[in-house]
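J.: Take this sequence and fold it.
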Amino acid sequence: MLFKSTIFVAAIAAFAALSEAHVAMRSPCPRYGRYAGCPAPPAGQSIDYDLTAPIGTDDHIGQPICKHTGVQTKRAVYKAGQTIKTEYEVGAAHGGGHCQWALSYDNGKTWVVIHTIIRDCLRGIPNGGNYAVNVKIPSSAPSGKATFQWIWNNAVGNRELYSNCVDIEIKGKAGGSIKGVVPLFANYGPSSFKIGEFPNANDKDSHEAFAKRKAITIRGPK
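T.: Sure thing, here's the model as predicted:
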């Protein structure tokens, strides 16, 4: 009887762990990342073993927009015009959804989107599967310390927002700038724009909201 009870408890624990697993950027290493080769967290902070969890829902803000505010102890270095191969840990892809990738030169006060995938991001990826997206840094990007961000609104399930950030350094153009749009942080608290579920091809997916993102030009640090 005790043996059966032990199996039952283990099964429940395994199910709970699976139900809480979602998606996180694995490479380049995100802030407080637990993956091999990731820099140590800032002093006084700990590795995040729940990186795949959402940062908020349509009625609740759970964590800051980068999930963590402390800057990484080591920055990855990229050149303007270089392509970043982003890879993801997929616990549950929730039918795919909308993804945005953005850059900030002021630690998240202002962002400019450099790549967007509407509807098809993570679509069809099985639980535990591999997923990668190439994101090009604009050739006009200025030199300086920057934050690289991934944002995901899932298609199926609770109306959530996911995000991870990577602290990088860009070797770019002196006096350069990036023209683009401001990210849409949907399903991130009661005052945010809400994107409903869109499991089927003919379901409304709020793609029109992405077309209305405000224009922005970001310049490097002075």
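
J.: Now do the buried residues in stretch 189-208.
T.: Residues of stretch 189-208 classed as buried by neighbour count (16 or more other C-beta atoms under 10 Å): Ser192, Ile195, Glu197, Phe198, Asp205, Ser206. (Each C-beta comes from the backbone N, C-alpha and C, glycine too.)

J.: for stretch 171-188, that is, sorry about that
T.: By neighbour count on 16+ other C-beta under 10 Å, the buried set for stretch 171-188 is 172-173, 176, 178, 180-188.

J.: Out of those, which comes closest to Pro126?
T.: Of all the buried residues of stretch 171-188, Asn187 has the smallest distance to Pro126: 23.5 Å, by C-beta to C-beta.

J.: Name the helix or strand for the residue nearest to Thr86 when sequence neighbours are not counted, please.
T.: Leaving out its chain neighbours, the residue that sits closest to Thr86 by C-beta to C-beta, 6 or more residues apart in numbering is Val133, at 5.1 Å. Assigned by DSSP states H and E, Val133 belongs to strand 130-136.

J.: Alpha carbons only: can I get that strand in CSV?
T.: Output of strand 130-136 as CSV, limited to C-alpha atoms (Å, rounded to 0.1, in the frame of the first residue of the first chain):
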residue,chain,number,x,y,z
ASN,A,130,14.1,22.1,-30.1
TYR,A,131,13.4,25.5,-31.5
ALA,A,132,15.8,28.2,-32.9
VAL,A,133,15.4,31.6,-34.6
ASN,A,134,18.0,33.7,-36.2
VAL,A,135,17.8,37.4,-35.3
LYS,A,136,19.9,40.0,-37.1
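
J.: Following it in sequence, what is the next regular element?
T.: Toward the C-terminus, strand 130-136 is succeeded by strand 144-154 as the next helix or strand (DSSP H and E).

J.: need the buried residues of stretch 189-208 in CSV with distance to Cys38 and secondary structure, can you?
T.: As requested, those are exported to CSV (distance: C-beta to C-beta, whole Å; DSSP: H, G, I helix; E, B strand; the rest coil):
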residue, distance to Cys38, secondary structure
Ser192, 29, coil
Ile195, 30, coil
Glu197, 33, coil
Phe198, 33, coil
Asp205, 33, coil
Ser206, 33, coil
